[in-house]
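[1] one predicted model, sequence on top.
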Amino acid sequence: MALSLGVHIGQQNLSMDELRVLWRRLDDAGVDWISIWDHLYEAPYQGGNEPHFEALTTLATLAADTQHARIGCLVFCVGYRNPALLAKAATTLDHISNGRFELGLGAGWHIWEAVAHGYPFPDIGTRLDMLEEGVEIISQMLTQERTSYSGRHYQVDEVSCFPRPQQSKLPIWIGGRGEKRTLELVARYADGWNAAYVSPEEFKHLNEVLEEWCSTSGRNSSEIKRGVNVAFAMGIDQSSVALQQKAMHDSWGNTAANISEGALMCTPDAASERIIEYVESGVDELNIALRAPWDDAALEVYLEDVVPTIRKATA
(Lines give C-alpha, C1' and ligand atoms only; values in the text may rest on other atoms or scores of the structure.)
Protein backbone atom coordinates (compact mmCIF):
# COMPACT_ATOMS: atom_id res chain seq x y z
CA MET A 1 0.00 0.00 0.00
CA ALA A 2 1.51 3.34 -1.09
CA LEU A 3 1.83 5.99 1.60
CA SER A 4 -0.89 8.64 1.39
CA LEU A 5 0.30 12.19 2.05
CA GLY A 6 -2.49 14.63 2.78
CA VAL A 7 -3.43 17.90 4.44
CA HIS A 8 -5.90 18.49 7.26
CA ILE A 9 -7.19 22.07 7.41
CA GLY A 10 -8.61 23.82 10.44
CA GLN A 11 -11.17 26.17 8.86
CA GLN A 12 -10.52 29.04 11.25
CA ASN A 13 -8.92 32.48 10.92
CA LEU A 14 -9.20 32.22 7.13
CA SER A 15 -11.83 33.70 4.83
CA MET A 16 -13.78 31.35 2.60
CA ASP A 17 -11.94 32.80 -0.39
CA GLU A 18 -8.62 32.00 1.29
CA LEU A 19 -9.74 28.45 2.07
CA ARG A 20 -10.80 27.89 -1.52
CA VAL A 21 -7.48 29.14 -2.84
CA LEU A 22 -5.68 26.89 -0.35
CA TRP A 23 -7.40 23.62 -1.17
CA ARG A 24 -7.23 24.26 -4.91
CA ARG A 25 -3.49 24.82 -4.48
CA LEU A 26 -3.19 21.58 -2.53
CA ASP A 27 -5.22 19.64 -5.10
CA ASP A 28 -3.10 21.01 -7.94
CA ALA A 29 0.03 20.05 -6.00
CA GLY A 30 -1.13 16.44 -6.00
CA VAL A 31 -1.78 15.75 -2.32
CA ASP A 32 -3.68 12.51 -1.78
CA TRP A 33 -6.12 13.74 0.86
CA ILE A 34 -7.71 17.00 2.02
CA SER A 35 -9.84 17.13 5.15
CA ILE A 36 -11.30 19.63 7.58
CA TRP A 37 -12.49 19.26 11.15
CA ASP A 38 -15.93 19.42 12.76
CA HIS A 39 -15.89 22.32 15.18
CA LEU A 40 -18.31 25.17 15.85
CA TYR A 41 -15.72 27.22 17.72
CA GLU A 42 -11.99 27.53 17.22
CA ALA A 43 -9.55 24.92 18.47
CA PRO A 44 -7.84 25.37 20.80
CA TYR A 45 -10.69 27.22 22.47
CA GLN A 46 -10.24 30.99 22.65
CA GLY A 47 -13.64 31.99 24.01
CA GLY A 48 -15.48 31.58 20.71
CA ASN A 49 -13.93 34.81 19.48
CA GLU A 50 -12.14 33.64 16.34
CA PRO A 51 -13.70 33.31 12.85
CA HIS A 52 -14.68 29.72 12.12
CA PHE A 53 -16.77 27.91 9.46
CA GLU A 54 -19.17 24.97 9.90
CA ALA A 55 -18.00 21.63 8.52
CA LEU A 56 -20.75 20.23 6.28
CA THR A 57 -21.28 23.37 4.26
CA THR A 58 -17.53 23.89 3.98
CA LEU A 59 -17.09 20.30 2.76
CA ALA A 60 -19.61 20.83 -0.03
CA THR A 61 -17.48 23.68 -1.35
CA LEU A 62 -14.29 21.65 -0.94
CA ALA A 63 -15.88 18.78 -2.86
CA ALA A 64 -16.93 21.02 -5.72
CA ASP A 65 -13.64 22.94 -5.91
CA THR A 66 -11.28 19.94 -6.10
CA GLN A 67 -10.80 17.20 -8.66
CA HIS A 68 -8.22 14.70 -7.49
CA ALA A 69 -7.65 14.40 -3.73
CA ARG A 70 -9.86 12.22 -1.56
CA ILE A 71 -11.75 14.44 0.87
CA GLY A 72 -13.23 14.04 4.30
CA CYS A 73 -13.74 15.28 7.83
CA LEU A 74 -11.52 14.17 10.69
CA VAL A 75 -13.80 13.78 12.43
CA PHE A 76 -17.51 14.53 12.68
CA CYS A 77 -18.72 14.69 16.28
CA VAL A 78 -21.54 12.16 16.29
CA GLY A 79 -23.45 14.14 18.91
CA TYR A 80 -23.91 17.18 16.67
CA ARG A 81 -26.07 15.53 13.98
CA ASN A 82 -28.58 12.73 13.75
CA PRO A 83 -26.67 9.76 12.24
CA ALA A 84 -29.31 9.19 9.55
CA LEU A 85 -28.93 12.80 8.44
CA LEU A 86 -25.16 12.39 8.41
CA ALA A 87 -25.47 9.30 6.20
CA LYS A 88 -27.52 11.34 3.73
CA ALA A 89 -24.99 14.17 3.86
CA ALA A 90 -22.10 11.75 3.27
CA THR A 91 -23.86 10.33 0.24
CA THR A 92 -24.50 13.82 -1.12
CA LEU A 93 -20.85 14.78 -0.64
CA ASP A 94 -19.77 11.59 -2.39
CA HIS A 95 -21.80 12.63 -5.43
CA ILE A 96 -20.54 16.22 -5.41
CA SER A 97 -16.96 14.90 -5.29
CA ASN A 98 -17.53 12.17 -7.89
CA GLY A 99 -16.78 9.38 -5.45
CA ARG A 100 -13.92 10.91 -3.43
CA PHE A 101 -15.56 11.38 -0.03
CA GLU A 102 -14.66 9.41 3.12
CA LEU A 103 -16.58 9.78 6.37
CA GLY A 104 -14.78 10.29 9.68
CA LEU A 105 -16.60 9.87 13.00
CA GLY A 106 -15.68 10.48 16.61
CA ALA A 107 -17.07 10.96 20.10
CA GLY A 108 -16.16 14.65 20.33
CA TRP A 109 -14.14 16.57 22.93
CA HIS A 110 -14.87 20.30 22.54
CA ILE A 111 -17.14 20.77 25.55
CA TRP A 112 -17.10 24.60 25.31
CA GLU A 113 -18.63 24.73 21.83
CA ALA A 114 -21.12 21.97 22.65
CA VAL A 115 -22.46 23.76 25.72
CA ALA A 116 -22.55 27.14 23.98
CA HIS A 117 -24.59 25.73 21.07
CA GLY A 118 -26.99 23.78 23.26
CA TYR A 119 -25.75 20.25 22.60
CA PRO A 120 -25.70 17.74 25.45
CA PHE A 121 -22.17 16.72 26.37
CA PRO A 122 -22.43 13.57 28.49
CA ASP A 123 -19.55 11.58 29.96
CA ILE A 124 -17.09 9.90 27.61
CA GLY A 125 -18.64 6.45 28.10
CA THR A 126 -22.01 7.73 26.95
CA ARG A 127 -20.47 9.59 24.03
CA LEU A 128 -18.74 6.40 22.91
CA ASP A 129 -22.06 4.54 23.18
CA MET A 130 -23.54 7.22 20.92
CA LEU A 131 -20.64 6.77 18.52
CA GLU A 132 -21.20 3.03 18.33
CA GLU A 133 -24.91 3.43 17.64
CA GLY A 134 -24.20 6.12 15.06
CA VAL A 135 -21.65 4.00 13.23
CA GLU A 136 -24.06 1.06 13.12
CA ILE A 137 -26.87 3.16 11.64
CA ILE A 138 -24.66 4.93 9.11
CA SER A 139 -22.93 1.72 8.01
CA GLN A 140 -26.26 0.04 7.39
CA MET A 141 -27.77 3.02 5.59
CA LEU A 142 -24.79 3.24 3.22
CA THR A 143 -24.99 -0.45 2.31
CA GLN A 144 -28.63 -1.58 2.74
CA GLU A 145 -31.84 -0.53 1.01
CA ARG A 146 -33.72 -0.09 4.32
CA THR A 147 -32.49 0.28 7.88
CA SER A 148 -34.35 -0.05 11.16
CA TYR A 149 -32.54 0.48 14.43
CA SER A 150 -33.67 1.05 18.00
CA GLY A 151 -30.90 2.09 20.34
CA ARG A 152 -30.70 4.02 23.57
CA HIS A 153 -29.68 7.22 21.80
CA TYR A 154 -30.81 6.89 18.17
CA GLN A 155 -33.67 5.25 16.33
CA VAL A 156 -34.55 4.91 12.64
CA ASP A 157 -37.52 3.15 11.06
CA GLU A 158 -37.18 1.52 7.64
CA VAL A 159 -35.09 4.48 6.50
CA SER A 160 -33.65 4.51 2.99
CA CYS A 161 -30.64 6.34 1.58
CA PHE A 162 -31.15 6.95 -2.14
CA PRO A 163 -29.28 7.58 -4.30
CA ARG A 164 -26.57 5.22 -3.15
CA PRO A 165 -23.05 6.60 -2.76
CA GLN A 166 -21.06 6.62 -5.98
CA GLN A 167 -18.46 4.40 -4.34
CA SER A 168 -19.39 0.77 -3.92
CA LYS A 169 -18.07 1.07 -0.35
CA LEU A 170 -17.87 4.56 1.11
CA PRO A 171 -15.07 4.30 3.72
CA ILE A 172 -15.81 5.09 7.36
CA TRP A 173 -13.00 6.30 9.62
CA ILE A 174 -13.07 6.44 13.41
CA GLY A 175 -10.79 8.92 15.12
CA GLY A 176 -9.35 8.80 18.61
CA ARG A 177 -6.74 7.31 20.90
CA GLY A 178 -8.80 5.50 23.52
CA GLU A 179 -7.40 2.01 23.96
CA LYS A 180 -10.39 0.38 25.68
CA ARG A 181 -13.35 1.54 23.59
CA THR A 182 -12.29 3.64 20.61
CA LEU A 183 -9.81 1.14 19.18
CA GLU A 184 -12.22 -1.70 19.91
CA LEU A 185 -14.86 0.12 17.84
CA VAL A 186 -12.30 0.65 15.08
CA ALA A 187 -11.60 -3.08 14.99
CA ARG A 188 -15.28 -3.93 14.67
CA TYR A 189 -16.63 -1.21 12.40
CA ALA A 190 -14.08 1.01 10.68
CA ASP A 191 -12.32 1.06 7.34
CA GLY A 192 -9.77 3.50 8.72
CA TRP A 193 -8.42 4.80 12.02
CA ASN A 194 -6.95 8.25 12.58
CA ALA A 195 -4.98 9.54 15.57
CA ALA A 196 -4.03 13.18 15.98
CA TYR A 197 -0.86 14.75 17.36
CA VAL A 198 0.87 11.63 18.61
CA SER A 199 4.54 10.78 18.35
CA PRO A 200 5.71 7.86 16.20
CA GLU A 201 6.36 5.91 19.40
CA GLU A 202 2.83 6.50 20.70
CA PHE A 203 1.34 5.65 17.32
CA LYS A 204 3.25 2.36 17.28
CA HIS A 205 1.87 1.48 20.71
CA LEU A 206 -1.70 2.36 19.74
CA ASN A 207 -1.36 0.40 16.51
CA GLU A 208 -0.31 -2.65 18.50
CA VAL A 209 -3.39 -2.25 20.70
CA LEU A 210 -5.54 -2.06 17.56
CA GLU A 211 -3.95 -5.27 16.29
CA GLU A 212 -4.92 -6.97 19.56
CA TRP A 213 -8.52 -5.79 19.23
CA CYS A 214 -8.63 -7.04 15.64
CA SER A 215 -7.44 -10.44 16.81
CA THR A 216 -10.06 -10.50 19.58
CA SER A 217 -12.89 -9.58 17.20
CA GLY A 218 -11.72 -11.82 14.38
CA ARG A 219 -11.09 -8.86 12.06
CA ASN A 220 -8.47 -8.93 9.35
CA SER A 221 -6.37 -5.96 10.46
CA SER A 222 -5.06 -5.37 6.92
CA GLU A 223 -8.56 -4.12 6.03
CA ILE A 224 -8.07 -1.04 8.23
CA LYS A 225 -6.04 1.95 7.06
CA ARG A 226 -3.99 3.75 9.71
CA GLY A 227 -3.75 7.53 9.58
CA VAL A 228 -2.11 10.24 11.67
CA ASN A 229 -2.49 14.02 11.71
CA VAL A 230 0.70 15.87 12.58
CA ALA A 231 0.70 19.57 13.40
CA PHE A 232 2.45 21.58 10.70
CA ALA A 233 4.96 23.74 12.58
CA MET A 234 7.74 23.70 10.01
CA GLY A 235 9.86 26.76 9.43
CA ILE A 236 12.00 27.57 6.43
CA ASP A 237 14.94 28.02 8.82
CA GLN A 238 15.68 27.63 12.52
CA SER A 239 14.51 31.14 13.40
CA SER A 240 11.19 30.42 11.70
CA VAL A 241 10.91 27.13 13.61
CA ALA A 242 11.41 29.06 16.86
CA LEU A 243 8.56 31.37 15.90
CA GLN A 244 6.32 28.36 15.19
CA GLN A 245 7.22 26.88 18.56
CA LYS A 246 6.32 30.12 20.33
CA ALA A 247 3.03 30.38 18.42
CA MET A 248 2.13 26.83 19.45
CA HIS A 249 2.83 27.62 23.09
CA ASP A 250 0.80 30.83 22.90
CA SER A 251 -2.17 28.93 21.45
CA TRP A 252 -2.08 25.71 23.46
CA GLY A 253 -0.59 26.83 26.75
CA ASN A 254 0.16 23.95 29.11
CA THR A 255 -0.81 21.33 26.50
CA ALA A 256 1.63 22.65 23.89
CA ALA A 257 4.26 20.08 24.88
CA ASN A 258 1.84 17.25 24.16
CA ILE A 259 0.87 18.68 20.77
CA SER A 260 4.49 19.26 19.81
CA GLU A 261 5.20 15.54 20.23
CA GLY A 262 2.96 14.99 17.24
CA ALA A 263 4.23 17.86 15.11
CA LEU A 264 6.57 18.56 12.24
CA MET A 265 8.39 21.23 14.20
CA CYS A 266 11.55 21.37 12.15
CA THR A 267 13.10 22.70 8.97
CA PRO A 268 12.25 20.97 5.67
CA ASP A 269 15.57 19.12 5.73
CA ALA A 270 14.53 17.22 8.87
CA ALA A 271 10.91 16.59 7.85
CA SER A 272 11.56 13.53 5.67
CA GLU A 273 13.32 11.67 8.48
CA ARG A 274 10.47 12.42 10.88
CA ILE A 275 7.84 11.21 8.40
CA ILE A 276 9.77 7.98 7.81
CA GLU A 277 9.60 7.38 11.57
CA TYR A 278 5.81 7.51 11.33
CA VAL A 279 5.82 5.10 8.39
CA GLU A 280 7.95 2.67 10.38
CA SER A 281 5.46 2.92 13.27
CA GLY A 282 2.65 1.66 11.01
CA VAL A 283 1.20 4.80 9.42
CA ASP A 284 -0.46 4.37 6.00
CA GLU A 285 -1.73 7.94 5.69
CA LEU A 286 0.01 11.04 7.07
CA ASN A 287 -1.69 14.42 7.00
CA ILE A 288 -0.07 17.69 7.95
CA ALA A 289 -2.53 19.72 10.01
CA LEU A 290 -2.66 23.40 9.08
CA ARG A 291 -3.82 26.12 11.45
CA ALA A 292 -3.44 29.70 10.23
CA PRO A 293 -1.02 31.36 10.32
CA TRP A 294 1.79 29.08 9.16
CA ASP A 295 5.14 29.57 7.43
CA ASP A 296 3.98 29.57 3.82
CA ALA A 297 7.49 29.31 2.42
CA ALA A 298 7.93 26.12 4.46
CA LEU A 299 4.62 24.79 3.18
CA GLU A 300 5.72 25.40 -0.41
CA VAL A 301 8.96 23.52 0.17
CA TYR A 302 7.01 20.71 1.84
CA LEU A 303 4.74 20.35 -1.21
CA GLU A 304 7.44 20.74 -3.83
CA ASP A 305 10.38 18.93 -2.22
CA VAL A 306 9.48 16.91 0.87
CA VAL A 307 6.43 15.15 -0.55
CA PRO A 308 8.22 13.90 -3.71
CA THR A 309 11.18 12.79 -1.60
CA ILE A 310 8.97 10.77 0.75
CA ARG A 311 7.04 9.23 -2.12
CA LYS A 312 10.26 8.09 -3.74
CA ALA A 313 11.59 6.70 -0.47
CA THR A 314 8.38 4.73 0.30
CA ALA A 315 7.52 3.56 -3.23
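    Yes, it's here.
[2] these two touch, right, residue 16 and residue 53?
    Yes. Using Cβ atoms under 8 Å, residue 16 is in contact with residue 53, at 6.7 Å. Yep, even glycine has a C-beta here, placed from its N, CA and C like the rest.
[3] those two: who's more crowded?
    The residue with more neighbours, out of residue 16 and residue 53, is residue 53; 18 against 13, by other Cβ atoms under 10 Å.
[4] pLDDT score for the more buried one?
    Residue 53 carries a pLDDT score of 98 in this model.
[5] A helix includes residue 164, no?
    No. Counting by DSSP: H, G, I helix; E, B strand; the rest coil, residue 164 is not found in a helix; it is coil.
[6] is it true that it touches residue 91?
    Yes. Counting by Cβ under 8 Å, residue 164 sits close enough to residue 91 to count as a contact (7.1 Å).
[7] more neighbours, the two?
    When residue 164 and residue 91 are compared on other Cβ under 10 Å, the one with more neighbours turns out to be residue 91, at 22 against 16.
[8] quick one, what contacts the more buried one?
    142, 161, 163-165, 170 (Cβ atoms under 8 Å, 6 or more residues apart in numbering).
[9] likewise residue 138?
    83-84, 86-87, 90, 103, 105, 172.
[10] what does residue 234 give?
    Neighbouring residues of residue 234 by Cβ under 8 Å, 6+ apart: 241, 244, 264-268, 271, 294-295, 298-299, 301-302.
[11] then residue 289?
    Counting by Cβ under 8 Å, 6+ apart, residue 289 makes contact with 7-10, 196-197, 229-232.
[12] tabulate the residues you listed (CSV), appending neighbour count and secondary structure.
    Below are those laid out as CSV (neighbours: other Cβ atoms under 10 Å; DSSP: H, G, I helix; E, B strand; the rest coil):
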residue, neighbour count, secondary structure
7, 26, strand
8, 26, strand
9, 22, strand
10, 18, coil
196, 21, strand
197, 19, coil
229, 23, strand
230, 28, strand
231, 25, strand
232, 22, strand
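[13] which of the residues you listed lies closest to residue 22?
    Using Cβ to Cβ, residue 9 is the member of the contacts of residue 289 that sits closest to residue 22, with 6.8 Å.
[14] separation between the closest one and residue 81?
    Distance of residue 9 to residue 81, given as Cβ to Cβ, to the nearest Å: 20 Å.
[15] Provide a PyMOL selection command restricted to the buried entries of the contacts of residue 91.
    This is how PyMOL selects the buried members of these, with burial counted by 16 or more other Cβ atoms under 10 Å:
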select buried, resi 142+161+164+165+170
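[16] I'd like to know how far the residue positioned nearest the centre of the chain sits from residue 33.
    In the chain, the centroid-proximal residue (Cα atoms, centre = their mean) is residue 74; its distance is 2.3 Å. Distance, residue 74 to residue 33, by Cβ to Cβ: 9 Å.
[17] distance to residue 250 and pLDDT for the contacts of residue 91 - can I get that in JSON lines?
    Formatted as JSON lines, these follow (distance: Cβ to Cβ, whole Å; pLDDT from 0 to 100):
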{"residue": "142", "distance to residue 250": "42", "pLDDT": "98"}
{"residue": "161", "distance to residue 250": "44", "pLDDT": "98"}
{"residue": "163", "distance to residue 250": "47", "pLDDT": "97"}
{"residue": "164", "distance to residue 250": "47", "pLDDT": "97"}
{"residue": "165", "distance to residue 250": "42", "pLDDT": "98"}
{"residue": "170", "distance to residue 250": "39", "pLDDT": "98"}
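[18] name the element the closest residue to residue 61 other than its chain neighbours belongs to?
    Spatial nearest neighbour of residue 61, excluding adjacent residues (Cβ to Cβ, 6 or more residues apart in numbering): residue 20 at 6.6 Å. Element membership for residue 20 (DSSP states H and E) is helix 16-29.
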